[in-house]
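Trainee: Structural data only, the sequence is not supplied:
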C-alpha cells in the first residue's frame, strides 16, 4: 500500500483560494494589482468600469480568502496582492488556451 503525504487542510485552503479567483472580474482585479500597485476601491471600479459596490464585493471575497491584503490610509483603504503565486496560475491557464 502506498501512503500519501497529502495535507487535506492545505488542499482545502488552496481550493478555497482557487474558487475565490475563479470569477472573471476577480481575475481582472488581480491583474490590475499584479503590477505591484496598491489601489483603492475607487481606483479599481474606475479602471474596470464596474460599480463601486461590485468592486467592493469582489475585493471583500479576495481579502477574506487571503488573496489580498489591505491597509488604511486616512479614509481610504488600499488593496494589494498578498502573493503573485495565484497570478502565475492564471498566466499558466492563459498559456494553455494557446494550443
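Mentor: Right, received. Where do you want to start? Predicted, not measured: the structure shown is a model, and the values here were computed from it.
Trainee: What segments of the protein are helices?
Mentor: In the chain, the segments counted as helices under DSSP state H are 8-20, 24-33, 41-48, 52-64, 85-96.
Trainee: between these, which one is nearest to residue 73?
Mentor: For the helices of the chain, proximity to residue 73 was assessed by CB to CB; helix 41-48 is nearest, at 12.4 Å. Placement of C-beta: from N, CA and C, glycine included.
Trainee: bridging residues for residue 80?
Mentor: Here residue 80 sits in beta bridges with residue 69, as judged by DSSP bridges.
Trainee: number of nearby residues for it?
Mentor: Under the neighbour criterion other CB atoms under 10 Å, residue 80 is assigned a count of 14.
Trainee: And for residue 93?
Mentor: Here the count is done by other CB under 10 Å, and residue 93 has 10 residues near it.
Trainee: With residue 28 instead?
Mentor: Neighbouring residues of residue 28 were enumerated by other CB under 10 Å; the total is 15.
Trainee: got the helices of the chain as CSV, with distance to residue 74 and mean pLDDT columns?
Mentor: What follows is the helices of the chain, written out as CSV (distance: least, CB to CB, whole Å; pLDDT from 0 to 100):
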stretch, distance to residue 74, mean pLDDT
helix 8-20, 28, 88
helix 24-33, 20, 92
helix 41-48, 13, 96
helix 52-64, 18, 96
helix 85-96, 28, 79
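Trainee: Could you export these to JSON lines, including columns for distance to residue 75?
Mentor: Supplementary listing: the helices of the chain in JSON lines, determined by distance: least, CB to CB, whole Å:
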{"stretch": "helix 8-20", "distance to residue 75": "27"}
{"stretch": "helix 24-33", "distance to residue 75": "20"}
{"stretch": "helix 41-48", "distance to residue 75": "11"}
{"stretch": "helix 52-64", "distance to residue 75": "14"}
{"stretch": "helix 85-96", "distance to residue 75": "29"}
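Trainee: buried ones in stretch 48-59?
Mentor: 48, 50, 55, 58, 59 (16 or more other CB atoms under 10 Å).
Trainee: residues contacting the first one?
Mentor: Contacts of residue 48 were listed using CB atoms under 8 Å, 6 or more residues apart in numbering, and they are 25, 28, 29, 32, 55.
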